[in-house]
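> coords please:
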Amino acid sequence: MSGSLSFEELNIRFADDLDCADYHSIAQRATKEIAWQQGRAATFLAKWEHNRVGSSSHVHQSLWADKGDSVFFDADADANAEHGLSEVMQHHVAGLISILIWTLQRCGSTVP
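Next up, the predicted model:
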């Protein structure tokens, strides 16, 4: 294979759902077009070749109160809540775990 290989992460600032989806689409299209103009190819696959480093796809999540504070953090959380995880965050994680198999079956179809 000629040329150089690289691995980068694309970070898009959070926004409303549709705006964020638009930003992702525009950034991906622009990246692919610029790479093509330079005689290169860009992919957004989590792991594009089995023997190379990959970064499985991931999504950062946050939830904010109307006044701008994170609902996931609680500085006054009891001793059982590690790292200041609020009760809302604990329930959020429990919900994610409860739908993990369903999500993997639809979004990670190559995972055995």
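> Show me where this protein has its helices.
With DSSP state H, the ranges of helices along the chain come out as 17-37, 87-98, 100-107.
> Dump those into a markdown table; add mean neighbour count and distance to residue 69 as well.
Glycine gets a C-beta too; all of them are placed from N, C-alpha and C. Formatted as a markdown table, the helices of the chain follow (neighbours: other Cβ atoms under 10 Å; distance: least, Cβ to Cβ, whole Å):
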| stretch | mean neighbour count | distance to residue 69 |
| --- | --- | --- |
| helix 17-37 | 12 | 21 |
| helix 87-98 | 12 | 12 |
| helix 100-107 | 10 | 28 |
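> Residue 11: which of those is closest?
Closest approach to residue 11 among those (Cβ to Cβ): helix 17-37, 9.5 Å.
> That closest one - what's its average pLDDT?
Helix 17-37 carries an average pLDDT of 90.
> What is that helix packed up against?
Using 3 or more Cβ pairs under 8 Å, 6 or more residues apart in numbering; DSSP states H and E as the contact criterion, no helix or strand is in contact with helix 17-37.
> and that helix, how far from the chain's centre?
Relative to the chain's own centre, helix 17-37 is displaced by 15 Å; criterion: Cα atoms, centre = their mean, to the nearest Å.
> before we move on, what about stretch 59-72?
Computed by Cα atoms, centre = their mean, the chain-centroid distance of stretch 59-72 equals 16 Å.
> Go ahead and name everything in contact with it.
Contact with stretch 59-72 is made by 14, 85, 86, 88, 89, 92, as judged by Cβ atoms under 8 Å, 6 or more residues apart in numbering.
> same check, this time on stretch 11-21
Outside stretch 11-21, the residues that reach it (Cβ under 8 Å, 6+ apart) are 23, 24, 27, 60, 62.
> Who are the packing partners of the helix or strand of the chain with the lowest mean pLDDT?
For the chain, using mean pLDDT, DSSP states H and E, the weakest element among its helices and strands is helix 100-107, scoring a mean of 81. Using 3+ Cβ pairs under 8 Å, 6+ apart as the contact test, no helix or strand touches helix 100-107.
> got the angle for it vs helix 87-98?
Orientation of helix 100-107 against helix 87-98 (axes from the mean of the first three to the mean of the last three Cα atoms, to 10 degrees) gives an angle of 60 degrees.
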